[in-house]
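Asker: this one's structure only:
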């Protein structure tokens, strides 16, 4: 079974990314109006909805699910749900899309899985043939184990440590862009607004400068251009 949880109402902006919401239902609860289309995807699955805010739900509510997927929440809310799931051995996923930028985080706690490995084995062509140029493909299944960390640990990583500082040389600022956008949502209780692009871009750049100073990041590591394409939700990115 699947439960859709959302306390917000559908807006015109949502229509660019809310694939399950009918366009004639603007102003109505997003979870409730998404129910018919969600059920149509697989009639064999029991789909329900809840319209309460996340903060109004007790810890035990989240423990009833095998896996919880969260999006559009503040950092404190994400960390709370993740900790509840981890304490009750439940899988947790979260993610967001801002314009052309998005992220996904998974906490599967202690996860065992199987991976198929393809190997090439040398074979003899005949009983009297010592040549080993002939090869055959052999597939073997190898068991793996992955240990995950909670979101709280991932977002509070100490970037002054040498092992983390070395990663900066790879030149990927995505992690820090995510932190800036989560900080924006925490402070303003919303996402960057296309209707306020100029003002919100100035806020994002200020937050960028503050984060660079806090974490002693290289100047210019997070370019201005990365924070100008984070408005709205582009459907291609959401898909």
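Answerer: Ah, there it is. As the structure is a computational prediction, the values presented were derived from the model and not from experiment.
Asker: List the residue ranges of this structure that fall below the pLDDT cut-off.
Answerer: For the chain, the stretches with pLDDT under 70 are 124-134, 236-239.
Asker: 50 instead, please
Answerer: Within the chain, no stretch falls below the threshold (pLDDT under 50).
Asker: Where do the domain boundaries of it fall?
Answerer: 2-107, 110-146, 157-230 (automatic domain parsing).
Asker: Let me have those domains in CSV, extended by mean neighbour count.
Answerer: Every C-beta, even on glycine, is put in place using the N, C-alpha and C of the backbone. Shown next, in CSV, are the domains of the chain (neighbours: other C-beta atoms under 10 Å):
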stretch, mean neighbour count
domain 2-107, 16
domain 110-146, 9
domain 157-230, 14
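Asker: Please, which helix or strand holds residue 65?
Answerer: Remark: residue 65 resides in no helix or strand, with elements defined by DSSP states H and E.
Asker: ah, wrong one, I meant residue 96
Answerer: In the assignment (DSSP H and E), residue 96 maps to strand 91-98.
Asker: quick one: strands adjacent to that strand?
Answerer: According to DSSP bridges, strand 91-98 forms sheet pairs with strand 67-70 (parallel), strand 101-107 (antiparallel).
Asker: Now distance to residue 81 too, for those strands, in TSV please.
Answerer: Output for those, formatted as TSV (distance: least, C-beta to C-beta, whole Å):
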stretch	distance to residue 81
strand 67-70	6
strand 101-107	10
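Asker: mind listing the helices for this structure?
Answerer: In the chain, the helices defined using DSSP state H lie at 30-41, 59-63, 75-87, 151-155, 162-165, 174-188, 197-215, 235-238.
Asker: How about the most centrally placed residue in the chain, nearest residue that isn't a chain neighbour?
Answerer: For the chain, the residue nearest the mean C-alpha position is residue 104 (1.8 Å; C-alpha atoms, centre = their mean). Distances taken as C-beta to C-beta, 6 or more residues apart in numbering put residue 95 closest to residue 104, at 3.9 Å, once the chain neighbours are dropped.
Asker: list the contacts for residue 101?
Answerer: Taking C-beta atoms under 8 Å, 6 or more residues apart in numbering, we find residue 101 in contact with 174, 177, 178, 181, 226, 229, 230, 237.
Asker: hmm, try it at 10 Å
Answerer: Residues counted as contacts of residue 101 (C-beta atoms under 10 Å, 6 or more residues apart in numbering) are 174, 177, 178, 181, 226, 227, 229, 230, 234, 237.
Asker: rewinding a little: using JSON lines, please lay out the helices of the chain together with distance to residue 123.
Answerer: Formatted as JSON lines, those follow (distance: least, C-beta to C-beta, whole Å):
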{"stretch": "helix 30-41", "distance to residue 123": "48"}
{"stretch": "helix 59-63", "distance to residue 123": "54"}
{"stretch": "helix 75-87", "distance to residue 123": "48"}
{"stretch": "helix 151-155", "distance to residue 123": "47"}
{"stretch": "helix 162-165", "distance to residue 123": "44"}
{"stretch": "helix 174-188", "distance to residue 123": "46"}
{"stretch": "helix 197-215", "distance to residue 123": "55"}
{"stretch": "helix 235-238", "distance to residue 123": "47"}
